[in-house]
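In: Give me the fold of what follows.
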Amino acid sequence: MIHRARFLAAAALLVLAGCAAPPPPAPSPAPVGLQQAWVQAVAGPAWAVRALTGEARCPTLRWSGGSVVMKERSAPGELPPPPGNKEPEHKPTRFTLHACEAAWPADAAQVQVGDVVLQAPAAEARRIVVIGDTGCRLKASGHEFQGCNDASDWPFPRVLAQALSLKPDLVIHVGDYHYRESPCPAGMAICAGSPWGYGDDTWQADFFQPARALLAAAPWVFVRGNHEACARAGQGWLRYLDSQTGPARDCLPAGPGVNDGDFTPPFAVPLSPRSQLIVFDSSEIGSRTPPKDSPAWARWRQQLDLVAELARDHAQSLFVNHHPSLAFSPSPSAEPTTARSGLTPLLQDAFGSRLFPPGVQASLHGHVHMHQALGFASNQPVTLVIGNGGSAAEGRVNEAAALRHELMPGTRLETLHIHGEFGLSLLTATPEGWQLQALDALGQPLSTCRLAGQKLSC
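Out: From the prediction side, this is the model:
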């Protein structure tokens, strides 16, 4: 992992260099040909095939008995830097690829885009890989520069190799794909040559190129993290991974404190006849709750009313969003503190102390760069945090002290497992519910827990 010493060394190097960034590199030539193709869950519920290409036209989707030319979601172009961005250095956001889409054809067992063969989503997802917080952190405002060129410092490619070996029916990414927001300081070999900013060269380096094989191997559910909010990498998110189909949406203000591009209606992803995911976009809210009389508060509450509707008719729902409400933040002292989420007061307003509607038996998150599994003696669903996919982290949590910690008034923990190692998790369906196995970046098991209803045993 990247520890505080590495960050301080980076900061010292910046000082010695007079805080001067290297001159901006010449724009890379536009990629040629098909770059990636994948299947993802979209609003509906439905499945869509997406592709990124350097060709002038979208590719053709082919399957036994049919073909269709994919439709363009977005074209190459250059946009101003994200509005409201807080990094000290900015440059225009350059997109060189066409983003394309087609609905998954009914009854097709597999489809082909160029040389990429994609399999149909499983009728029941029984093996689900979960990863999160995967990009390589380059962030000048925090003097944080991760070793993007070092497989030990940034092990996301290793995590992807392990995920591929597990042969999942489905992959869930719980958010924060994009981290290369600032240029690597001159003379720092661990990240030298890395692209930076919010264009598709950075998206390719941080996510799409390393994930190419896993993107093709199984369908994905993409959850939006705070790094993909409109003030950061939202322009690329809306082009590539947004759950809304058709032409890509824009990051456009709709009023004070409200940006239409930062709000996405929650949607369901069926896992079996009994169970489903409910995917919620909490990217913009971060740790700040809007005032109760604001348009943003009203918009968030409307979104939570939709969550209640989606949960109403299913025996088992897993609520999936980036920011956890009942989890721990790591610290250098290991003293347990509650991870802050601006969504928590809204969840309390909508659903009381349980935070979720009936039928939601577990919640799944990232944001905290650790693996955490929390089971409660009080009436709250299980919390699973899987944010250890590769992005830099520091600090620990003392488990013994954490078990005594009250995350929210009235909550009582009875089961807790926390791991700080980089890695991924595997959810396997069982007759009672799910088995959760935490693995490190080399595939070694860290812990195994079982989820039955809203009870967790490890």
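In: For the stretch 51-200 of the chain, which segments are assigned as helices?
Out: 156-165, 200-203 (DSSP state H, counting those that start in this stretch).
In: where do the strands sit along the stretch 301-450 of the chain?
Out: Here the stretch 301-450 of the chain has its strands, by DSSP state E, counting those that start in this stretch, at 316-320, 328-329, 337-338, 360-365, 371-376, 382-386, 413-419, 423-429, 433-440, 445-452.
In: can you give me the mean pLDDT across stretch 369-386?
Out: In this model, stretch 369-386 has a mean pLDDT of 98.
In: Straight-line length of it, end to end?
Out: This stretch, stretch 369-386, spans 7 Å end to end (C-alpha to C-alpha, to the nearest Å).
In: try stretch 171-182
Out: 29 Å.
In: what do you get for stretch 308-320?
Out: Where stretch 308-320 begins and where it ends lie 14 Å apart, using C-alpha to C-alpha.
In: what residues does it touch?
Out: Applying C-beta atoms under 8 Å, 6 or more residues apart in numbering, the contact partners of stretch 308-320 are 172, 174, 221, 223, 266-268, 271, 274-280, 307, 350-351, 356-365, 381, 433. In short, each C-beta sits where N, CA and C put it, glycine included.
In: Is it possible to mark the buried ones in those residues?
Out: 172, 174, 221, 223, 266-268, 271, 275-280, 307, 350-351, 356-357, 359-365, 381, 433 (16 or more other C-beta atoms under 10 Å).
In: Low-confidence ranges, this protein, go.
Out: Residue ranges of the chain with pLDDT under 70: 1-30, 254-257.
In: Please name the residues that touch the residue nearest the centre of it.
Out: Centroid-nearest residue in the chain: Gly175, 1.2 Å away (criterion: C-alpha atoms, centre = their mean). With contact taken as C-beta under 8 Å, 6+ apart, Gly175 is in contact with 132-133, 223-228, 283, 321-322, 366-367.
In: of the residues you listed, closest to Ser182?
Out: For these, the closest approach to Ser182 (C-beta to C-beta) belongs to His227, at 12.9 Å.
In: Quick check: the closest one touching Val174?
Out: No - His227 lies out of contact with Val174 (C-beta atoms under 8 Å); the separation is 11.9 Å.
In: about what we covered before: go through the helices of the stretch 51-200 of the chain and name the closest to Leu238.
Out: helix 200-203 (11.9 Å).
In: and the closest one, how far out from the chain's middle?
Out: Centroid separation for helix 200-203 versus its chain: 16 Å, with C-alpha atoms, centre = their mean, to the nearest Å.
In: what do you get for stretch 334-354?
Out: A distance of 20 Å separates the centroid of the chain from that of stretch 334-354, by C-alpha atoms, centre = their mean.
In: Can you list the buried residues in that stretch?
Out: 335-336, 338-339, 341-344, 346-347, 350-351, 354.
In: any chance of those residues in JSON lines, with distance to Arg94 too?
Out: Converted to JSON lines, the buried residues of stretch 334-354 look like this (distance: C-beta to C-beta, whole Å):
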{"residue": "Glu335", "distance to Arg94": "44"}
{"residue": "Pro336", "distance to Arg94": "43"}
{"residue": "Thr338", "distance to Arg94": "40"}
{"residue": "Ala339", "distance to Arg94": "35"}
{"residue": "Ser341", "distance to Arg94": "33"}
{"residue": "Gly342", "distance to Arg94": "31"}
{"residue": "Leu343", "distance to Arg94": "33"}
{"residue": "Thr344", "distance to Arg94": "37"}
{"residue": "Leu346", "distance to Arg94": "36"}
{"residue": "Leu347", "distance to Arg94": "38"}
{"residue": "Ala350", "distance to Arg94": "40"}
{"residue": "Phe351", "distance to Arg94": "43"}
{"residue": "Arg354", "distance to Arg94": "46"}
